[in-house]
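**Q** could you look at this predicted model? Sequence included:
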Amino acid sequence: MKIVFMIPNMTGGGTERVISLLSAEYVKRGYEVAIMQFAGYEHAYELDSRVEDFSVAGRSGGNPFTVLKKLTGIRRYFKQNPDCHIFAFCVMGAVYAAMATWGMRRPILVAERNSPDSCNIKKLRNWAYRRADRITFQTEDGIGYFPKAIAKKAVVIPNPVDASVPARFEGDRKRRVVTVGRLHKQKNHALLLNAFADFSARFPEYELHVYGKGELEEELKKQAEDLRIGDKVVWHGFSADVRNEIQDAGMFVLSSDFEGISNSMLEALAMGIPTICTDCPIGGARLYMQNGASGLLVPTGDRQALGEAMCRVAADPQLAQKLSVNAARIKEKYSLPGIAEEFLKAADLV
């Protein structure tokens, strides 16, 4: 029996991180595991040597011949592996799986990883989801976006917390605000830069450290200069060792307009970094943190509220300590073995 994860590529995102964790857990349990990339060849995370890792094609760019090559390669693989269970961890993975397995019986589990409302191919997605056997969502809110034919297949499975996440830092925290995520419109780093500019006027000793890469990098750097905080913002790009680099930060901020569940937020909480997040659809931050007790939630797009929350953490060491201690408790609640077991149950593999 083989579990085949489908993902565009294994770049440094949260979904890719979850796949690397689950694949290692499953081969440890004796399952055969493969990761099929269908839009690239990148590898940001180290994989267990027992995991079969391959790519059927690069990015298509809308080229119909590349799309046909992908479908042909995917279908050939599934014909050669009749005992596989497909774990499609993205919308296009579900679409390609549904198309490539037409006329053959291959169990398909889809993992919805983002806000369903952000999808721009909803009709095609819903067709593929109806072909799936089970659909996992990260929160209950996500299920409400879908018709009954899809919702009846749904199960909620949160993200796991990797046991290797560093323990809660207990020394004097650095005067740093940190954020981790793709430099993409969804993450709304522009909001964070604006709020940090306001915050910096009251707490000039703090720096903002940005981890991640993306198409908005130059635009965001220009914004920082225009706000006259360019000398206080450090751009790190992608870092495979980001957890060790940020564990002693004064606070973590996620300013997204929408999310499934942010892995970077989850790991920040598990490390006990005082964390501030926008309370964005589909409620992932709300699921993991209790506002005012284990983190601070602010409305999406609200520059003033975000800046004020950062000021609260910087000005009140007792609040920062309370948030840190309470947040770190999620490390046990959402353990990798437990979440991995939930996926297996959803796929009827146990």
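**A** Yep, it's here.
**Q** in the chain, where is pLDDT below threshold?
**A** The chain contains no residues with pLDDT under 70.
**Q** can you check which helix is longest in the protein?
**A** Of all the elements of type helix in the chain, the one with the most residues (DSSP state H) is helix 64-80.
**Q** run through who's touching the helix or strand just after that one.
**A** Counting by DSSP states H and E, the element after helix 64-80 in chain order, helix or strand, is strand 84-88. When contacts are defined by Cβ atoms under 8 Å, 6 or more residues apart in numbering, strand 84-88 is touched by residues 1-6, 34, 78, 94, 96-97, 101, 106-111, 132, 343, 347, 349. Glycine gets a C-beta too; all of them are placed from N, C-alpha and C.
**Q** quick one: the residue sitting furthest away from the middle of the chain from residue 291, how far?
**A** The outermost residue of the chain relative to its centre, with distances by Cα atoms, centre = their mean, is residue 103 at 32.8 Å. Residue 103 sits 50 Å away from residue 291, going by Cβ to Cβ, to the nearest Å.
**Q** repeat that for residue 74.
**A** If you measure residue 74 against residue 291 using Cβ to Cβ, the figure is 43 Å.
**Q** neighbour-wise, which of those two wins?
**A** Using other Cβ atoms under 10 Å as the criterion, residue 74 and residue 291 rank with residue 74 on top: 23 against 13.
**Q** who's in contact with the closest residue to that one other than its chain neighbours?
**A** For residue 74, ignoring the flanking residues on the chain, the nearest one in space by Cβ to Cβ, 6 or more residues apart in numbering is residue 100 at 4.0 Å. By Cβ under 8 Å, 6+ apart, the residues touching residue 100 are 71, 74-75, 78.
**Q** how about residue 232?
**A** Residues near residue 232 by Cβ under 8 Å, 6+ apart: 196, 200, 206-208.
**Q** could you single out the nearest of these to residue 258?
**A** Closest approach between the contacts of residue 232 and residue 258, by Cβ to Cβ: residue 196, at 21.0 Å.
**Q** OK, contacts around the closest one?
**A** Counting by Cβ under 8 Å, 6+ apart, residue 196 has contacts 177, 208, 229, 232-233, 307, 310.
**Q** so which of the residues you listed sit within helices?
**A** Among those, DSSP H puts 307, 310 in helices.
**Q** just the buried ones from the contacts of residue 196?
**A** Buried members of those, scored by 16 or more other Cβ atoms under 10 Å, are 177, 208, 229, 232-233, 307, 310.
**Q** any chance of these in CSV, plus distance to residue 329?
**A** Formatted as CSV, the buried ones among the contacts of residue 196 follow (distance: Cβ to Cβ, whole Å):
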residue, distance to residue 329
177, 23
208, 27
229, 34
232, 32
233, 32
307, 28
310, 23
